[in-house]
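*Asks:* Predicted coordinates and the sequence they were generated for:
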Amino acid sequence: MVMRHPRLALASVLWLCAICAARGQLLESVLPDGIPGYENSFSVTAPHPDRQLTSVPWQFGGVSVAPSVALAGGYDSAPNGAAGSSVYNVAPQILVTDPLLGLGVFASGAFARYPQDQAQNLSSSALALGERVALPRETITLSGGILNAQESGFDIGTLGIVTPVPFTATDLRASDSIVLGQFSLTPEISVTSFRFPDDAAQNRRDDRERATLSYLPGSPLSLVVRVQAAQSLYRDQALNADTNALLVGLVDTADGLWTFSALAGFAQRRPRQGDKLLAPVLEAGLDWLPDRLDHVRLTVAREIDDPDAISAVPYTLTQARFSLRRSATRETIVQISAEADHAAYLLTPDEETIYRAGASLSWQLNTVLALNAAYAFNDRQANFLPAANEHVVTIGATWTP
């Protein structure tokens, strides 16, 4: 059996799982591999790419074009905490890449319908592109994207949401990786804007700057120093805040079966009104290929005023993520994941923890059709409201012409 692009089929089912799980997504969460500038914003270490079993089907010279349409149906036990409902989804998408030019373009849509509670219906669209230019001693990356989606329950800072809240996120970013002998310097800037048409008070813009200096002494380990700053600019200027951080750590640079990064330091949040906050922060990641079939990823982090959150409510975030992807056979891919996010809000004594778990299966029946199955579980525990949880099960198919 010839497989064309099972990774795109799995990306489709994971997109549907994310939509059904009623969780607001940012661009990094919904984009597949192949878009320069969006591969992995969490760590200074680029993770191993997921293994592709065969090439993308449509080739036009050096350009690869991978369209797909995913359909699924299932059951959501508690969308936004409401009564359970069946759910039906459709998600068309297309990925265009040109490795020679360093170009990646992605466009997608996703629609979820809840027949028993149409107020929970979801729809989203995403468009992103990136360009990477490799010069003799530096690599310049430019990227941007736009996401139209809904913020919904079972996520940090979404306590008052009972029906999906539409928003638009636009993002522009640029970076330049410069090699200077045994050192490398990577300055980065990004501008992200959130707009809520039904609740303009939540509108905000995040400006971020970051510089990473790495010392590579010739061993597999390199010493890394990173300085970063973020300016959160709200419609209500009284909420404006600056967050600055300094992290130092080690990064494994060997191209072997595993890579890791571990950076620790301090961050300071300086709001326009209120007290300053100084706290330790951490970012660490492990990417491991124990054999030719398995791919394990583990990340942990502690951040102040999480810059990747859709919610405008400030908090400190402690997060751990785990995923295991296994190519069970040449035709099947299984992925399981688990995540725990703990938020301690800065303006109140409130705390909450969101637990997530999921599993998905993609089975390539032939060159154009894959069967997909996904399960997602969300659970919220807080010190100021009753616990709640949600189960989502979907079964569907992905067509890749």
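*Replies:* That came in fine, so what should we check first?
*Asks:* for the protein, longest strand please?
*Replies:* Counting residues, the longest strand in the chain under DSSP state E turns out to be strand 165-180.
*Asks:* just checking, what packs against it?
*Replies:* In this structure, strand 165-180 makes packing contacts with strand 138-151, strand 183-195, judged by 3 or more C-beta pairs under 8 Å, 6 or more residues apart in numbering; DSSP states H and E. Backbone N, C-alpha and C define where each C-beta goes, glycine included.
*Asks:* Please work out which of the ones you listed is packed deepest.
*Replies:* The highest mean neighbour count among the helices and strands packed on strand 165-180, using mean count of other C-beta atoms under 10 Å, belongs to strand 138-151: a mean of 20.
*Asks:* May I have the strands that pair with that one, each with its orientation?
*Replies:* Sheet pairing of strand 138-151 (DSSP bridges) gives strand 122-134 (antiparallel), strand 165-180 (antiparallel).
*Asks:* Okay, buried residues for the longest strand of the chain please.
*Replies:* By 16 or more other C-beta atoms under 10 Å, the buried positions in strand 165-180 come out as 165-167, 169-171, 173, 175-177, 179.
*Asks:* hang on, the earlier thing: with distance to L293 and mean pLDDT added, can I get the helices and strands packed on strand 165-180 in JSON lines?
*Replies:* Rendered in JSON lines, the data for those read as follows (distance: least, C-beta to C-beta, whole Å; pLDDT from 0 to 100):
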{"stretch": "strand 138-151", "distance to L293": "31", "mean pLDDT": "92"}
{"stretch": "strand 183-195", "distance to L293": "33", "mean pLDDT": "93"}
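*Asks:* any low-confidence regions in this protein?
*Replies:* For the chain, applying pLDDT under 70 flags the ranges 1-25, 40-57, 159, 253-256, 306-313.
*Asks:* who does G396 bridge with?
*Replies:* Each beta-bridge partner of G396 is listed here, defined by DSSP bridges: A72, N372.
*Asks:* Run through the residues that contact it.
*Replies:* Residues in contact with G396, defined by C-beta atoms under 8 Å, 6 or more residues apart in numbering, are 13, 16, 70-74, 89, 371-373.
*Asks:* try 10 Å
*Replies:* 12-13, 16, 70-74, 88-91, 370-374 (C-beta atoms under 10 Å, 6 or more residues apart in numbering).
*Asks:* Same question for T332.
*Replies:* Contacts of T332 were listed using C-beta under 10 Å, 6+ apart, and they are 6, 326, 361-364, 370-371.
*Asks:* so which of the residues you listed is the most crowded?
*Replies:* A370 (29 neighbours; other C-beta atoms under 10 Å).
*Asks:* separation between S124 and L26?
*Replies:* Using C-beta to C-beta, to the nearest Å, one gets 11 Å for the distance from S124 to L26.
*Asks:* okay, the two: which has more neighbours?
*Replies:* Applying other C-beta under 10 Å to S124 and L26 shows that S124 carries more neighbours, namely 23 against 20.
*Asks:* mind listing what the closest residue to G145 other than its chain neighbours touches?
*Replies:* Distances taken as C-beta to C-beta, 6 or more residues apart in numbering put A128 closest to G145, at 3.1 Å, once the chain neighbours are dropped. Applying C-beta under 10 Å, 6+ apart, one finds that A128 lies in contact with 27-28, 30-32, 35-38, 104-108, 143-147, 171.
*Asks:* What is the neighbour count of the nearest residue to V368 once chain neighbours are set aside?
*Replies:* Computed as C-beta to C-beta, 6+ apart, the closest residue to V368 that is not its neighbour in sequence is T400, at 5.6 Å. Other residues lying near T400 total 23 when counted by other C-beta under 10 Å.
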